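Asks: Give me the fold of what follows.
(one chain, ligands or ions: 2)
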Amino acid sequence: MFFPQFRARRIRGKEVFRNMVRETSLSTNDLIYPMFSAFGQGIRKEVSSMPGIYQQSIEYIVEEAQEAHELGIPAVLLFGIPETKDAVGSDAYSDTGIIQETIRELKKKVPGLAVITDVCMCEYTDHGHCGIIKNGDVDNDATLELLAKEALSHARAGADMVAPSDMMDGRIAAIRNILDESGYTHIPVMSYAVKYASGYYGPFREAAESTPQFGDRRSYQMDPANRLEALREAQMDVEEGADIIMVKPGLPYLDIVREMRNEFNLPVAVYNVSGEYSMIKAAGKMGWIDEDRVIMETMISFKRAGADLILTYHAKEAAKLLHKGYEAARATRCGCP
Ligand code: PBG
Ligand code: ZN
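Replies: Numbering: from 1, shown residues only. Ligands and ions are numbered 1, 2, ... in the order given. Next up is the predicted model:
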């Protein structure tokens, strides 16, 4: 009878061995929690397609941000739902805009928490596109000026980091330049470097009320079929001074996360987007999957693919599971007694 020299099961046989040879781990330090700040007072409205995620006014944002901070989550990512929208997204770069007010309040009330802001126009334009429209399409260079103004206004309000998600060419340089000229050389830019035109953003557009009113985002976001283009996009952002490069969405693009890790020496972030969250929530609600286990398996897949940071609506849930001693890798153990 043939016995192989190597038996993979030997080192898996005891929990203590599995703990010793585990290759990747998840920490609360890896997590960034996205939040939706809505204009007004006393607002706390659950997003119907994202159970557990709310559009909320500043006082509730502060409350939940405090909770995230106490769970050991180092940073939140802010999206704004302004009082009014217009063709040029004025609220985005107004010093009294929804995000600017939210940043000031958060830095006052939860100073230990890092505030990262999403820099884009789509939450603030009445047409829902990520820039200003000329001749039926988003005009790249005209949009750059507004994005730069927006990023500067966030920095002035006290943002710790800015994260442009618009996918205009040259935006990292435009933002870096204006920040540097204005005395914000120390504010890092986390670039949504590789952002695909994805159906997985569906629930977010309900949350941020940012569905394009005509057409789609394919003239500025990437084609899901492309890998080499991701390398070009990231390279451009690195050359322009990005401090962190992000891949978005997450699960359908783990191969791209790995490419980024292998190709560049900057921290890599991955955005586990709204549709990925909603799928797990829906299947969990139906009782079709063990939700906690699938959440942790998903988180560890990002780490294994090479991500350093995970932007995720599961951040609070994952942090709670970590604190309960639910080791990330246990999620990959079979449920046998
Ligand atoms: C805005 C933006 C989007 C997301 C983050 N920033 C949506 C989009 O491009 O339509 C998606 C996040 C998510 O789905 O969770 N540019
Ligand atoms: Zn946008």
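Asks: mind listing what residue 192 touches?
Replies: Neighbouring residues of residue 192 by C-beta atoms under 8 Å, 6 or more residues apart in numbering: 163, 164, 165, 166, 167, 246, 248, 271. For glycine as for every other residue, the C-beta is placed from the backbone atoms N, C-alpha and C.
Asks: Check residue 109 too.
Replies: 62, 65, 66.
Asks: Buried among the residues you listed? Make that a PyMOL selection.
Replies: Burial among the contacts of residue 109 is assessed by 16 or more other C-beta atoms under 10 Å; the matching PyMOL selection reads:
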select buried, resi 62+65
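Asks: Export the contacts of residue 109 as JSON lines, with columns for distance to residue 189.
Replies: JSON lines is the format used below for the contacts of residue 109 (distance: C-beta to C-beta, whole Å):
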{"residue": "62", "distance to residue 189": "25"}
{"residue": "65", "distance to residue 189": "22"}
{"residue": "66", "distance to residue 189": "26"}
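Asks: Of the contacts of residue 109, which belong to helices?
Replies: 62, 65, 66 (DSSP state H).
Asks: Looking at the contacts of residue 192, which two lie furthest apart in space?
Replies: Pairwise distances across the contacts of residue 192 (C-beta to C-beta) peak at 14.1 Å, for the pair 166 and 271.
Asks: Just want to know which of these two has more residues nearby.
Replies: Using other C-beta atoms under 10 Å, the more surrounded residue of residue 166 and residue 271 is residue 271, with 29 against 25.
Asks: Need the residues that contact the helix or strand hosting the more buried one.
Replies: Residue 271 is part of strand 268-272, with elements assigned from DSSP states H and E. By C-beta under 8 Å, 6+ apart, the residues outside strand 268-272 that reach it are 32, 190, 192, 244-251, 253, 257, 260-261, 298-299, 302, 305-314.
Asks: Paired strands for it, with orientation please.
Replies: strand 244-248 (parallel), strand 309-312 (parallel) (DSSP bridges).
Asks: which is the next helix or strand following the longest one?
Replies: Just to be clear, that refers to strand 244-248. Toward the C-terminus from strand 244-248 - assigned by DSSP H and E - lies helix 254-263.
Asks: Please apply the same query to the shortest one.
Replies: Scanning forward in sequence from strand 309-312 by DSSP H and E, the next helix or strand is helix 315-323.
Asks: Quick check: mean pLDDT of that following helix?
Replies: Mean pLDDT, computed over helix 315-323, is 96.
Asks: For the stretch 101-250 of the chain, which residues are neighbours of ligand 2?
Replies: By C-beta under 5 Å from the ion, the part of the stretch 101-250 of the chain that sits against ligand 2 consists of 120, 122, 130.
Asks: Just the buried ones from the residues you listed?
Replies: 120, 122, 130.
Asks: What is the nearest of these to residue 97?
Replies: Distance ranking of those against residue 97, using C-beta to C-beta, places residue 120 first at 13.0 Å.
Asks: Retrieve the pLDDT associated with the closest one.
Replies: pLDDT, read off for residue 120, is 98.
Asks: Hmm, it is touching residue 138, no?
Replies: No. Contact criterion C-beta atoms under 8 Å: residue 120 and residue 138 do not qualify, at 11.1 Å.
Asks: Quick check: chain neighbours aside, which residue is closest to residue 278?
Replies: Sequence neighbours aside, residue 203 is the residue nearest to residue 278 in space, at 4.7 Å (criterion: C-beta to C-beta, 6 or more residues apart in numbering).
Asks: and if you look at residue 204?
Replies: Distances taken as C-beta to C-beta, 6+ apart put residue 274 closest to residue 204, at 3.8 Å, once the chain neighbours are dropped.
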